[in-house]
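[1] Sharing a model that was predicted from the sequence below.
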Amino acid sequence: MENTIPKDILRRIQLSRIASSMTGDRMASLIETLAYIILNYF
């Protein structure tokens with residue numbers, strides 16, 4: 001199985017990161033966490 005993140009999630013990471021930075025969040029967003037899990041566990 002190839003280690004790739006679905007394109008839909010890749011597009012959402014950038015928007016999620018912008019939203020997190022605007023709210024002052026210093027933690028990873030749920031989308032970023034999902035991408036990490038996909039790459040490391042599947």
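    That came in fine, so what should we check first? Numbers count the residues shown, from 1 in each chain.

[2] What strand or helix carries the residue most central in space within the chain?
    Per C-alpha atoms, centre = their mean, the C-alpha nearest to the average position across the chain is that of Glu32, at 2.1 Å. For Glu32, the host element (DSSP states H and E) is helix 30-41.

[3] before we move on, what about Arg26?
    Using DSSP H and E, no helix or strand contains Arg26.

[4] wait, the residue nearest to the centre of the chain sits on Ala19?
    No - applying C-beta atoms under 8 Å as the test, Glu32 and Ala19 come out as separate, 11.3 Å apart. All C-beta atoms are positioned from the backbone trio N, CA, C, and that covers glycine.

[5] re earlier: which residues are in contact with the helix holding Glu32?
    3, 5-6, 9-10, 12-13, 16-17, 28 (C-beta atoms under 8 Å, 6 or more residues apart in numbering).

[6] low-confidence ranges in the chain?
    1-3, 42 (pLDDT under 70).

[7] where's Ile9, which helix or strand?
    Short version, using DSSP H and E: Ile9 is in helix 7-23.

[8] which other helices and strands contact that helix?
    Secondary-structure packing of helix 7-23 (3 or more C-beta pairs under 8 Å, 6 or more residues apart in numbering; DSSP states H and E): helix 30-41.

[9] Going by neighbour count, list what's buried in the helix it packs on.
    31-32, 34-35 (16 or more other C-beta atoms under 10 Å).

[10] That one to helix 7-23, inter-axis angle?
    Computed with axes from the mean of the first three to the mean of the last three C-alpha atoms, to 10 degrees, the direction of helix 30-41 lies at 130 degrees from that of helix 7-23.

[11] from the chain's centre, how far out does helix 30-41 sit?
    6 Å (C-alpha atoms, centre = their mean, to the nearest Å).

[12] could I have it exported to CSV, CA atoms only?
    Output of helix 30-41 as CSV, limited to C-alpha atoms (Å, rounded to 0.1, in the frame of the first residue of the first chain):
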residue,chain,number,x,y,z
LEU,A,30,-7.9,17.7,13.6
ILE,A,31,-7.1,17.5,9.8
GLU,A,32,-3.4,17.6,10.5
THR,A,33,-3.8,14.9,13.1
LEU,A,34,-5.8,12.8,10.6
ALA,A,35,-3.1,13.1,8.0
TYR,A,36,-0.4,12.1,10.5
ILE,A,37,-2.5,9.0,11.5
ILE,A,38,-3.0,8.0,7.8
LEU,A,39,0.7,8.2,7.1
ASN,A,40,1.8,6.3,10.2
TYR,A,41,-0.8,3.7,10.8
